[in-house]
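1. Any chance you can model this:
(one chain, ligands or ions: 1)
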Amino acid sequence: MTLYDFAPSHNCYKARLLFALLGITYDRQPVDLMAGVNRTAEFLRLNPRGQVPVLEDNGLVVWDSTAILVYVAKKYGGTKWFPDEPDGMARVVQWLALAQNDLLHGIGRAHWIRRGGTGDLEEVTRRGQRGLRILDLQLSSRTWLAVDCLTIADIACYPHAALAPEAGISLDDYTNVKRWCGDVERTSGYVDIRGNQ
Ligand SMILES: N[C@@H](CCC(=O)N[C@@H](CS)C(=O)NCC(=O)O)C(=O)O
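-> Residues are numbered from 1 along each chain as shown. Predicted coordinates:
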């Protein structure tokens, strides 16, 4: 399997983290977003949206971190990481949606603006904080987000939450989120965003 990857990307890290937790080896193909490699005709044939991550597995091309998490969890992780029954499945998808909305467009966007990108920092910070409040409330009464074990719901939300302080969003008011980040980090196979696997 090949992951088209940009090391600082939270979305790419979601895929790398799942691979690491599953103990799966794969090739990393760096895509230099700064040099515009994601806008070349060759890359756009892989992902017409011009974004990473993209996964290639035996000729199958999957783009978007959520789609990659679902694919890898189902193909290589069994039902543990993405339950089969409707209740568990819906709960997981709910948190995948939070990751793609308030967390990505709040915290992820705040990172982007702080690195020189354009946007309204106050507005995206508020949106990120709303996402953290929702996570914190859920985690006040349970260990993991969706069901009673670590799933791709946690893996999709974790990078944004754990790296929020680097986007200027403190976790001090979100003690349950902090506890949960620690739980993810103590899971066997865990790698941080700078890890190589
Ligand atoms: N919803 C997509 C978002 C992917 C995304 O925003 N990727 C960024 C890096 S984190 C990217 O490739 N940006 C380059 C661009 O949009 O030109 C996912 O979760 O994979």
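
2. Kindly state the pLDDT recorded for the residue with the largest distance to the centre of the chain?
-> Distance from the centre of the chain peaks at Ala41, with 26.2 Å (Cα atoms, centre = their mean). Ala41 is assigned a pLDDT of 98 by the prediction.

3. From Pro48, how far off is it?
-> From Ala41 over to Pro48 the distance is 11 Å, taken as Cβ to Cβ, to the nearest Å. C-beta here means a position set from N, CA and C on the backbone, and glycine is covered the same way.

4. Same question for Gly117.
-> From Gly117 to Pro48 the distance is 22 Å (Cβ to Cβ).

5. Which helix or strand in the protein has the lowest average pLDDT?
-> helix 109-114 (a mean of 94; mean pLDDT, DSSP states H and E).

6. Pull the CA coordinates from that one and hand them back as CSV.
-> Output in CSV follows, covering the C-alpha atoms of helix 109-114 (Å, rounded to 0.1, in the frame of the first residue of the first chain):
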residue,chain,number,x,y,z
ARG,A,109,-8.0,25.9,9.8
ALA,A,110,-6.5,27.7,12.8
HIS,A,111,-3.2,25.8,12.1
TRP,A,112,-3.3,26.8,8.5
ILE,A,113,-3.9,30.5,9.3
ARG,A,114,-1.1,30.5,11.9
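
7. Show me the contact partners of it.
-> With Cβ atoms under 8 Å, 6 or more residues apart in numbering as the test, helix 109-114 has contacts from 10, 117, 119, 121, 124-125, 127-128, 163, 166-169.

8. what about His105, how many residues close to it?
-> Using other Cβ atoms under 10 Å, His105 is surrounded by 18 other residues.

9. For it, give me its contacts.
-> Here His105 is in contact with Val124, Arg127 (Cβ under 8 Å, 6+ apart).

10. if you set the cut-off to 10 Å instead, what comes out?
-> Residues near His105 by Cβ atoms under 10 Å, 6 or more residues apart in numbering: Trp112, Gly119, Glu123, Val124, Arg127, Gly128, Gly131, His160.

11. repeat for Gln94
-> Counting by Cβ under 10 Å, 6+ apart, Gln94 makes contact with Gln138, Leu145, Ala146, Ala153.

12. Disregarding residues adjacent in the polypeptide, which is nearest to the first one?
-> This points to Gln138. Spatial nearest neighbour of Gln138, excluding adjacent residues (Cβ to Cβ, 6 or more residues apart in numbering): Leu145 at 5.9 Å.

13. near the ligand, which residues of this structure?
-> 6, 9, 11, 33, 38, 50-53, 64-66, 100 (Cβ under 6 Å from any ligand atom).

14. Highest neighbour count among those residues?
-> Counting by other Cβ under 10 Å, top hit in the residues of the chain next to the ligand: Ser65 with 29 neighbours.

15. The nearest residue to it once chain neighbours are set aside in helix, strand or coil?
-> Take Ser65 and drop its neighbours on the chain: the residue closest to it by Cβ to Cβ, 6+ apart is Asn11, 4.0 Å away. Here Asn11 is helix, with the state taken from DSSP: H, G, I helix; E, B strand; the rest coil.
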